[in-house]
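K.L.:
My questions are about this predicted structure, shown below with the sequence.
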Amino acid sequence: MKTIDSQKIECDLQLELAQIQAESIGWIPLEEGAYLHVGSDESVIQVVGIAKAEMAGSNVLWLL
């Protein structure tokens, strides 16, 4: 059985890995928990909770 501390550590680790991955593929960190990906010249920005590879051609604001 996992303790609350180990669950928090695991959650923090997963969040940090997601942030590193986002930055490594060109997502721009705006502030803690917010990333921007500029994939087109369109004036529309999608706001999402999960970043996916198929969003590469879109302008996306990812909020963690």
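P.N.:
Yes, it's here.
K.L.:
ranges for the helices of the chain?
P.N.:
Secondary structure of the chain by DSSP state H: the helices cover 4-24.
K.L.:
For it, give me the ranges with low pLDDT.
P.N.:
Across the chain, the ranges flagged by pLDDT under 70 are 1-2.
K.L.:
for the residue lying closest to Ala34 once chain neighbours are set aside, what are its contacts?
P.N.:
Nearest non-adjacent residue to Ala34, counting by CB to CB, 6 or more residues apart in numbering: Leu63, 5.6 Å away. Placement of C-beta: from N, CA and C, glycine included. Going by CB atoms under 8 Å, 6 or more residues apart in numbering, Leu63 touches 33-34, 47-49.
K.L.:
got these as JSON lines, with distance to Ile20 columns?
P.N.:
Formatted as JSON lines, the contacts of Leu63 follow (distance: CB to CB, whole Å):
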{"residue": "Gly33", "distance to Ile20": "14"}
{"residue": "Ala34", "distance to Ile20": "15"}
{"residue": "Val47", "distance to Ile20": "22"}
{"residue": "Val48", "distance to Ile20": "18"}
{"residue": "Gly49", "distance to Ile20": "18"}
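K.L.:
My read is that Gly26 contacts His37, right?
P.N.:
Yes. Using CB atoms under 8 Å, Gly26 makes contact with His37 at a distance of 6.7 Å.
K.L.:
quick one, which of the two is more surrounded?
P.N.:
Taking other CB atoms under 10 Å, Gly26 and His37 do not tie; His37 has more neighbours (22 against 12).
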